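>>> need a 3D model of the sequence below.
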Amino acid sequence: MSVLAVLDPAVALAHAVVAAVAHLVPTALAIVLFTVAVRLALHPLTRAAARGEKARARLAPKVAALQRKHKDRPERLREALAEMYRKEQVSPFAGCLPLLVQVPFFSVMYRLFTTPNDLLDHTLFGVPLGLHVTGAHGAGQWAVFGVLFAGLAAVGFVNFRRARRTAAAAKATAQPAPQPGAGLLPYLSFGSVLFAALVPAAAVLYLLTAGVWSAAERAWLYRDGTPVPAAALLA
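Residues are numbered from 1 along each chain as shown. A predicted model of the protein is given here:
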């Protein structure tokens with residue numbers, strides 16, 4: 001029995017909603033609309049996190065100053081940082097909230113699209129929604145998968161460039177030194193492309209929809225030029 005079986009009640013609900021919408025529009029479009037609806041419902045959390053991250057960016061020079069001042073007293077540094085965040089009413093973990101909230105939704109959608117069900121019998125331009133890219137045959141099916149993967153790669157490239165700009169901005173403004181391995185974070189933007197090779201077309205469509213939504217959402221929320229935090233780029 002899969003550990004994800006605990007999600008089956010939520011999976012059944014998601015299936016019922018998508019199936020109901022699929023009576024009105026093609027199933028592939030129903031998946032897109034359902035994904036957008038859920039992400040729209042989560043938008044207030046993302047917007048609140050963006051406000052917190054902007055406040056953290058504003059406080060970054062103060063954080064760096066405290067780290068220099070208390071570099072030999074870690075306990076005093078933690079107290080000073082906690083006091084500063086309390087006075088400024090800023091959470092140091094604000095940017096992680098949308099990512100954490102999306103994990104259950106992602107798990108439900110993964111379960112829905114990797115467990116045989118009637119939704120996967122429908123097609124996207126001739127490609128069964130339950131088909132993996134490794135099972136594609138014919139120019140038409142390869143073309144559909146090619147478009148989906150190209151879309152994921154494009155979103156990944158946008159996130160990669162933003163992550164690189166964020167790292168450069170942090171370095172230029174003398175923000176706290178990055179943690180070991182932080183240089184690899186920008187490359188995680190392409191993780192969805194690799195993951196898409198392991199899941200059926202329905203899940204690839206979900207990944208692309210969620211990725212495009214996230215990229216557009218970040219562009220809007222950080223349009224003032226504030227660097228996008230690494231956690232937000234992986235959401």
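>>> show the end-to-end separation of stretch 120-140, please.
Start and end residues of stretch 120-140 are separated by 18 Å (C-alpha to C-alpha, to the nearest Å).
>>> now do stretch 67-74
OK, stretch 67-74 end separation, C-alpha to C-alpha: 9 Å.
>>> list the buried ones in that stretch?
Under the neighbour-count criterion of 16 or more other C-beta atoms under 10 Å, stretch 67-74 has 67, 70 buried. In short, each C-beta sits where N, CA and C put it, glycine included.
>>> what do you get for stretch 23-39?
Buried-residue list, stretch 23-39, by 16+ other C-beta under 10 Å: 27-28, 30-35, 38-39.
>>> show me those that map onto strands.
Counting by DSSP state E, no part of those is found in strands.
>>> quick check: next helix or strand after the longest helix anywhere in the chain?
Scanning the chain for the helix with the most residues, using DSSP state H, yields helix 27-69. Next along the chain after helix 27-69, taking DSSP states H and E as the criterion, comes helix 74-88.
>>> average pLDDT for that following helix?
Taken as a whole, helix 74-88 has a mean pLDDT of 86.
>>> do stretch 36-46 as well
88.
>>> likewise stretch 13-33?
96.
>>> please apply the same query to stretch 208-220.
Taken as a whole, stretch 208-220 has an average pLDDT of 91.
>>> what's in contact with that stretch?
Stretch 208-220 is contacted from outside by 31-32, 35-36, 39, 43, 46, 148, 151-152, 155-156, 158-159, 162, 192, 228, 232-233, 235, using C-beta atoms under 8 Å, 6 or more residues apart in numbering.
>>> show me where the chain has helices.
8-22, 27-69, 74-88, 97-114, 138-172, 191-196, 201-221, 230-233.
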